[in-house]
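Participant: 3D, please:
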Amino acid sequence: MLLCAVLGKLTVRSWVSLPLLFLGSATGVAALIDLVLLRDPTLQSELSLSAPLLFGFAAGLALFSAGHVRWSFRWQRLSLRVAYPLTMIVCAMALDAFTLPMGAALIIGPIAAALLAAMLVRTHHTRDEADCLT
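Facilitator: Numbers count the residues shown, from 1 in each chain. Predicted coordinates for the structure are as follows:
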């Protein structure tokens, strides 16, 4: 029986975009939930999102997926691996909430979700057998 990692090796570009696509996808889901739960839903309303929650999860995603990155240069592995999640943690602590127009969130969300799904499927299919344990 083979136990394979869900992710294959990520490029630096896909690793950087992974938390950002998560943020966009979560924004779209929050917008859909907000539209369903509101009494009078309109596309002109504002969507208020919890910055600590979203950026905290994005920072965790960046930290835990950093081991799956095919680093091109040594400086990337040493500095970017720490600085990028740390930047998101700083954003999580500095911002309380942020608002977006509902229409923008409904446009960004499905596009980000589709790109995230395509990237995850691609990395899953291109993983090496070396990523699998017997």
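Participant: list the buried residues of the longest helix along the chain.
Facilitator: When the chain is parsed with DSSP state H, its longest helix is helix 12-37. For helix 12-37, burial by neighbour count (16 or more other CB atoms under 10 Å) applies to 12, 14-15, 17-19, 21-28, 30-31, 34-35. Where C-beta positions appear, they are placed from N, C-alpha and C, glycine not excepted.
Participant: can you name the element that comes right after that helix?
Facilitator: strand 46-50 (DSSP states H and E).
Participant: show me what that following strand is packed up against.
Facilitator: When contacts are defined as 3 or more CB pairs under 8 Å, 6 or more residues apart in numbering; DSSP states H and E, strand 46-50 sits against helix 12-37, strand 97-101, helix 102-125.
Participant: again, only using 6 Å
Facilitator: Packing contacts for strand 46-50, counted by 3 or more CB pairs under 6 Å, 6 or more residues apart in numbering; DSSP states H and E, involve helix 12-37, strand 97-101.
Participant: list the strands paired with it, with their directions.
Facilitator: strand 97-101 (antiparallel) (DSSP bridges).
Participant: so for the strand it pairs with, mean pLDDT?
Facilitator: Per-residue pLDDT values over strand 97-101 give a mean of 90.
Participant: and the angle from it to helix 102-125?
Facilitator: 100 degrees (axes from the mean of the first three to the mean of the last three CA atoms, to 10 degrees).
Participant: could you export strand 97-101 as CSV, CA atoms only?
Facilitator: Extracted in CSV, the C-alpha atoms of strand 97-101 (Å, rounded to 0.1, in the frame of the first residue of the first chain):
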residue,chain,number,x,y,z
ALA,A,97,-11.4,43.4,9.8
PHE,A,98,-11.6,44.5,6.2
THR,A,99,-14.5,45.1,3.9
LEU,A,100,-15.0,44.5,0.3
PRO,A,101,-17.9,45.3,-2.1
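Participant: closest to Thr126 out of the helices and strands packed on strand 46-50?
Facilitator: Closest approach to Thr126 among the helices and strands packed on strand 46-50 is made by helix 12-37 (10.7 Å; CB to CB).
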